[in-house]
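> Could you look at this predicted model? Sequence included:
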Amino acid sequence: MARIILFDGVCNLCNSSVQFIIKRDQLAKFQFASLQSEIGQKLLRKYDYNQDLNSFILIEDEKIYIKSSAALRVCMNLNGLWKYLSIFRIIPPSIRDYIYEIIAKNRYKWFGKQETCMIPTPEMKQRFLE
């Protein structure tokens, strides 16, 4: 089952989130690509997703999940207690996504921005799509 996470490659919060996921995804269920990359853009076109790129995107079983729904689906697949965060799926998506959007709109101001996309370490490289 293919699970691909698309993330903002210049966002410090997003890059930290990817590293967080990799450390807790010991079975390597997830692969990654930045939204800005050629493969990221190709996947967005494939799934006809051309909305604002202020979103964390999960592609799982040929279906696209965005914002809080994507984040909670990822949590379900992580090792440790993180999977229990999926309980928040009982909260209506409109409420979850409202909070998500506040963080997304302020992520550069609060967490900073890099000039270029993250370059994965050699150990992480096989998890990233090219």
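Yep, that arrived. Residues are numbered from 1 along each chain as shown.
> all strands in the chain, in order from the N-terminus.
Using DSSP state E, the strands of the chain run over residues 3-7, 31-34, 57-60, 63-66.
> Which one of these lies nearest to N106?
strand 3-7 (16.6 Å; C-beta to C-beta). No exception for glycine: its C-beta is placed from N, CA and C like everyone else's.
> quick one: strands adjacent to that closest one?
strand 31-34 (parallel), strand 57-60 (antiparallel) (DSSP bridges).
> Pick the most buried one from the strands of the chain.
Neighbour counts (mean count of other C-beta atoms under 10 Å) averaged over each of those peak at strand 3-7, with a mean of 23.
> Poorly predicted segments of this structure, please.
1, 51-53, 115-120, 122 (pLDDT under 70).
> Grab the most central residue of it for me.
Residue closest to the average C-alpha location in the chain (C-alpha atoms, centre = their mean): F56, at 4.0 Å.
> quick one, what contacts that residue?
Residues counted as contacts of F56 (C-beta atoms under 8 Å, 6 or more residues apart in numbering) are 5-7, 14, 17, 66-67, 70-71.
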